[in-house]
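J.: give me a model of this one.
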Amino acid sequence: MLATPLILFTIFLALAFDFLNGFHDAANSIATIVSTRVLKPHWAVIWAAFFNFIAFLFFGLHVANTIGTGLIDPSIVNTQVILSALLGAIIWNIFTWYYGLPSSSSHALIGGLLGASITQAGLSPLQWLGISKVLIAIVLAPILGMIMGGLFMFITTRLCFYSTPARVDGWFRKLQFISSAMISLGHGSNDAQKTMGIIAILLYSANWLGDQFYVPFWVIVTCNFVIALGTFFGGWRIVKTMGMKITKLKPIGGFCAESSSSLTLLAATWLGVPVSTTHTITGSIMGVGSIYSTSAVRWGVAKNIVLAWIFTIPAAGLVAAMMWMLVGYFIPSH
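T.: Here you go, the predicted structure:
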């Protein structure tokens, strides 16, 4: 009798995580376009939320499949595992949001899923190929974003060398609308698919999908809508960190940072890698800033961000493990 209400509650909690993901990561989509003064914050979140929502029209479900079947053996999954994973990710997200740290919601979810699964069944159900993709992406995403951001900035500044600053600002203010939209598309597709995968594996483990794992259409639309709603309300603490404290950007720098990070993010989505939007945009911003000089980047802020990246998966996993024991204590049948 308890199974169905508990599953429905867990789906609600997954959507709450999806909302927090959009709220927590809103800065990733709008930090540069806000810091360059191209759009005011309230218009920027509307712009980003719209493209978050329509992202499901353009991409497949490779990331959702990775989350659903590529990290752990689906046969060991039950409601207790998913509920504990979500609680671990949400608690860690709230903690980092409160302190203004742009940690990765994606890796918090992955850490929570791994922590709850290991507590449930040990190391044997782990899918090491999928996990290795995620771990490699943690290292490569900020590095690739930094390299591409610096390269884009170098090329564009050389191309615009003989133009007046006012003309260059005019061009790139318009181009930033496109680059920020691409980031929001990438964020909406990659991050919303993580919640899709969590809900789908929950439904599959409860035998609500039949014998074959797939992501129902209602789950796809709902997850994109909820993450867009979260983005709309925004995470203003992290907007300040991402847009102002790392480095100061002009429209040309904002365009380069957004373009390089969106290309990285969209490529990862096509490959089915649940990469962090936070990692890519932060690396790109630092890459753009470092073209002027290494002192243009506030490396102390960058250091704090890197520390948050390193601790996210194990910290969320540890919280999820504790939640697994707590959930099992109150609901031993799940």
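J.: what segments of the stretch 51-200 of the chain are helices?
T.: Ranges of helices within the stretch 51-200 of the chain are 62-65, 79-98, 105-121, 128-159, 165-205, based on DSSP state H, counting those that start in this stretch.
J.: next, count neighbours for the spatially closest residue to Pro125 that is not a sequence neighbour.
T.: Nearest non-adjacent residue to Pro125, counting by CB to CB, 6 or more residues apart in numbering: Asp73, 3.8 Å away. (Glycine included, C-beta is placed from N, CA and C.) By other CB atoms under 10 Å, 13 other residues sit near Asp73.
J.: what of Val63?
T.: 27.
J.: so it sits against His187, correct?
T.: No - applying CB atoms under 8 Å, one finds Val63 not in contact with His187, separated by 11.7 Å.
J.: nearest to Phe23, out of the helices of the stretch 51-200 of the chain?
T.: For the helices of the stretch 51-200 of the chain, the distance to Phe23 is smallest for helix 79-98, at 7.7 Å, taking CB to CB.
J.: report all helices and strands that that closest one contacts.
T.: helix 3-24, helix 105-121, helix 165-205, helix 236-240, helix 299-330 (3 or more CB pairs under 8 Å, 6 or more residues apart in numbering; DSSP states H and E).
J.: swap the cut-off to 6 Å and go again
T.: Helix 79-98 sits against helix 3-24, helix 105-121, helix 299-330, with contacts defined as 3 or more CB pairs under 6 Å, 6 or more residues apart in numbering; DSSP states H and E.
J.: centroid-wise, who is the farthest residue in the protein?
T.: Distance to the chain centre peaks in the chain at Tyr162, reaching 38.2 Å (criterion: CA atoms, centre = their mean).
J.: which pLDDT value goes with it?
T.: Predicted confidence (pLDDT) for Tyr162: 82.
J.: how far away is it from Gln176?
T.: Distance, Tyr162 to Gln176, by CB to CB, to the nearest Å: 22 Å.
J.: neighbours around the closest residue to Leu113 other than its chain neighbours, how many?
T.: Distances taken as CB to CB, 6+ apart place Ala85 nearest to Leu113, at 4.3 Å, with adjacent residues excluded. Neighbours of Ala85 under the rule other CB under 10 Å: 36.
J.: got it, and Leu39?
T.: Around Leu39 there are 19 residues (other CB under 10 Å).
J.: do the same with the one 4 residues further on
T.: Trp43 is flanked by 13 other residues according to other CB under 10 Å.
J.: next one: Ser163
T.: A count of neighbours around Ser163, defined by other CB under 10 Å, yields 12.
J.: and it, backbone torsions?
T.: Here is the backbone geometry of Ser163 (degrees, to the nearest 10): phi -90, psi 160.
J.: just the helices of the stretch 51-200 of the chain: most buried one?
T.: Highest mean neighbour count of the helices of the stretch 51-200 of the chain: helix 105-121, a mean of 27 (counted as mean count of other CB atoms under 10 Å).
J.: returning to what we had before: quick one, what contacts the residue nearest to Leu113?
T.: By CB atoms under 6 Å, 6 or more residues apart in numbering, the residues touching Ala85 are Gly112, Leu113, Ala116, Ala320.
J.: next one, pLDDT for the first one please.
T.: Gly112 is assigned 95 on the pLDDT scale.
J.: can I assume it is in contact with Ala316?
T.: Yes - judged on CB atoms under 6 Å, Gly112 makes contact with Ala316 at a distance of 4.7 Å.
J.: overlap of the contact sets of the two?
T.: Joint contacts of Gly112 and Ala316 (CB under 6 Å, 6+ apart) are Gly88, Ala89.
J.: so, low pLDDT: which residues of this protein?
T.: Across the chain, the ranges flagged by pLDDT under 70 are 1-2, 27-28, 31-32, 101-102, 235-249, 292-302, 304-305, 308-309, 332-334.
J.: recalculate using a threshold of 50.
T.: Along the chain, the model assigns pLDDT under 50 to residues 1, 243-244, 246, 334.
J.: tally of neighbours for the nearest residue to Tyr204 once chain neighbours are set aside?
T.: With CB to CB, 6+ apart as the criterion, Tyr204 has its nearest non-adjacent residue at 4.9 Å, and that residue is Phe213. Counted by other CB under 10 Å, the residues lying close to Phe213 total 17.
J.: now name the helix or strand holding Phe213.
T.: For Phe213, there is no helix or strand it lies in under DSSP states H and E.
J.: surely it and Leu202 touch.
T.: No - taking CB under 6 Å as the definition, Phe213 is not a contact partner of Leu202, at 11.2 Å.
J.: quick one: secondary structure of Arg37?
T.: coil (DSSP: H, G, I helix; E, B strand; the rest coil).
J.: tell me who's in contact with it.
T.: With CB under 6 Å, 6+ apart, Arg37 has no contacts at all.
J.: relative to Ser284, how far out is it?
T.: According to CB to CB, Arg37 and Ser284 sit 19 Å apart.
J.: Cys223 too?
T.: Per CB to CB, Cys223 is found 26 Å from Ser284.
J.: between these two, which one's more packed in?
T.: Ser284 (35 against 28).
J.: isn't the more buried one right up against Ser259?
T.: No - Ser284 is beyond contact range of Ser259, at 8.3 Å (criterion: CB under 6 Å).
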